[in-house]
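> Fold the following and give me the result.
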Amino acid sequence: MSGTFLLPYDRGTIELNIPEQNKVQVIQSKEWPSDVDVARLLRDALENPIGAPTLRSLSENAKKITIITNDNTRPMPSAITIPAIINSLYHPETHYDITILIATGLHREMTRDEMIEQYGEEVCRKYRVVNHVATDSSSLCSFGKLRSGEELFLNQIVAQSDLLITEGYIEPHFFAGFSGGRKSLYPGVASAANILSNHRPENIANQCARQANLDGNPVHEICSEAVQLAGLKFILNVALNQDKQIIAAFAGHPVEAHLVGCKFVEEHMSADIHKTDIAITSNNGYPLDRNLYQVVKGIDTAAKAARDGGVVIVAAGCVDKVEHVHFQNLLQSCSTPEELREKMSQGPSETDKWQVQVLAKTLVTHTVILVSDGIGPELANSMFLKHAYTMDEALETAFAITGRDASISVMPEGPVVIPRVREGSY
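Numbering: from 1, shown residues only. Below is the predicted model:
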């Protein structure tokens, strides 16, 4: 199926035109409805939680309430979900001391304007909104020891809360299995040392640390253990459609509700595929493609659809360019992809090393072409990426490697699809 495709790119789309002679495999999640009554959906989920008491009962005797939420590298519709959570509490909102704690992990802090864009002016005006800073030891406190013997440090606001709630959205995650659930707490509001330990090279290299898998996944297991130590009682997680609209909600126990959500997402986002010579994807547009660091997720997913020696093309606006300085420096620290993979696979654990480790695995086996206005050729080339400003230009570069009759996979939604590779050629 050749023809024209529109891929999410920054806040709009980018056009892809594939010649008639090329055989094309389109890889995308199931079509999800767009006419959902979101207010009712959230209300039903919050009033009928999975494996936990309702927020109404949990909040009856609480005063200090903390809601942990995503930062602006995630398309979480918090301007809708945070008010829904607060409206589900036992008392009127004025009864409570409510804090919105941003699960930045090791991402940069959000500005006030970015908070208003992400959470809405009303939320930012009514409640205290706080960036978690993983490197600020004065803002952390101990929650005991993990089974490994490592001490768990989380933001002290968690310990000061009478009721802790997390919200997030569930999508496939390239080494934690799925996003959402426990990840809002850990690594979201954990110490830098804890995050580095959890994301150490041997965990990332573990065969179970992969997209859409929780069984035996060491990254997931450590996150789940942290949730138990922190005493998290309630979560609200959502699933989003292709337009980043809520189409399902899962509220209740942090493990049970999250697992139900993961099963829903896996069922709706999985697609059977065959490998092709070229795989073309996006990072599903803004905010997921706002920096190159996040775009690694789309590249890693697309690589599953491209044969070894083939080409991955990823379209990403990268309005914030690379943004993660440690990620960029590590990428530029080696002279070949092979050297990079070897270096990233060994200790010690360093900030953003995990992201480079995942990318290096693809760079060794595939040519990666970045289509972007936010990052230019010189910067892209310094990080082992070929560059193009248009999809036509990227395809010409790819055809020079694979031949003009190459088979092509088109994966418009990038990292939110779960490709299941089947035997046989396409």
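
> and Trp32, how many neighbours?
Neighbour count for Trp32, taken as other CB atoms under 10 Å: 16. Heads up, the C-betas are built off the backbone N, CA and C, glycines and all.

> try Val265
The number of residues near Val265, taken as other CB under 10 Å, comes to 26.

> Next: Lys386.
19.

> same deal with Arg43?
15.

> contacting residues for it?
84, 88 (CB atoms under 8 Å, 6 or more residues apart in numbering).

> what's the next secondary structure element after the host helix or strand of it?
Arg43 is part of helix 38-47 when elements are defined by DSSP states H and E. With elements assigned by DSSP H and E, the helix or strand that comes after helix 38-47 is helix 55-58.

> just how off-centre is that following helix within its chain?
29 Å (CA atoms, centre = their mean, to the nearest Å).

> packing partners for the next helix-or-strand element following that helix?
Where DSSP H and E defines the elements, the next helix or strand beyond helix 55-58 is strand 64-70. Contacts defined by 3 or more CB pairs under 8 Å, 6 or more residues apart in numbering; DSSP states H and E place strand 64-70 against helix 78-87, strand 97-103, helix 156-159, strand 163-169.

> How is Leu152 assigned, secondary-structure-wise?
Secondary structure assignment for Leu152 (DSSP: H, G, I helix; E, B strand; the rest coil): strand.

> Against Ile165, how distant is the closest residue to it other than its chain neighbours?
Of all residues not flanking Leu152 in the chain, Phe143 sits nearest, at 4.6 Å (CB to CB, 6 or more residues apart in numbering). The gap separating Phe143 from Ile165 is 17 Å, by CB to CB, to the nearest Å.

> Comparing those two, which shows the higher neighbour count?
Remark: of Phe143 and Ile165, Ile165 carries more neighbours, 27 against 20, as counted by other CB under 10 Å.

> beta partners of the more buried one?
Judged by DSSP bridges, the bridge partners of Ile165 are Ile67, Phe234.

> Would you confirm that it contacts Leu55?
Yes: using CB atoms under 8 Å, Ile165 is in contact with Leu55, at 7.2 Å.

> Report the set of residues contacting both of these two.
85, 234.

> which SS class is the residue nearest to Leu152?
strand.

> quick one, what contacts it?
152-154, 158-159, 226, 229-230.

> what's the most distant pair in the residues you listed?
Pairwise distances across those peak at 13.3 Å for Ala159 and Ala226 (criterion: CB to CB).

> quick one, which of these two is more surrounded?
Taking neighbours as other CB under 10 Å, Ala159 and Ala226 compare with Ala226 leading, 25 against 15.

> where does that one fall, phi/psi-wise?
The phi/psi pair for Ala226 (degrees, to the nearest 10) reads phi -60, psi -40.

> Would you confirm that it contacts Tyr186?
Yes: with contact defined as CB under 8 Å, Ala226 counts as touching Tyr186 (3.7 Å).

> ok, and the closest non-adjacent residue to Met269?
Ser29 (4.2 Å).

> Tell me the spacing between Ala305 and Ser349.
Counting by CB to CB, the gap from Ala305 to Ser349 is 30 Å.

> swap that for Cys334, sorry
Counting by CB to CB, the gap from Cys334 to Ser349 is 17 Å.

> where are the low-confidence patches of this structure?
Applying pLDDT under 70 to the chain picks out residues 1-2, 424-425.

> what helices or strands is the strand ranked longest in it leaning on?
The longest strand of the chain (DSSP state E) is strand 306-315. Counting contacts by 3+ CB pairs under 8 Å, 6+ apart, strand 306-315 is packed against strand 276-282, helix 292-303, helix 353-365, strand 367-371, helix 391-402.

> Give me the helices and strands touching the next helix or strand along the chain from it, please.
Reading on from strand 306-315 to the C-terminus, the next helix or strand found by DSSP H and E is helix 325-331. Here helix 325-331 touches helix 292-303, helix 353-365, going by 3+ CB pairs under 8 Å, 6+ apart.

> buried residues in the longest one?
Residues of helix 353-365 classed as buried by neighbour count (16 or more other CB atoms under 10 Å): 353-364.

> That one packs against which elements?
So helix 353-365, by 3+ CB pairs under 8 Å, 6+ apart, packs with helix 201-205, helix 292-303, strand 306-315, helix 325-331, helix 337-344.

> can you tell me which of those comes nearest to Glu122?
Of the helices and strands packed on helix 353-365, nearest to Glu122 by CB to CB is helix 292-303, at 27.5 Å.
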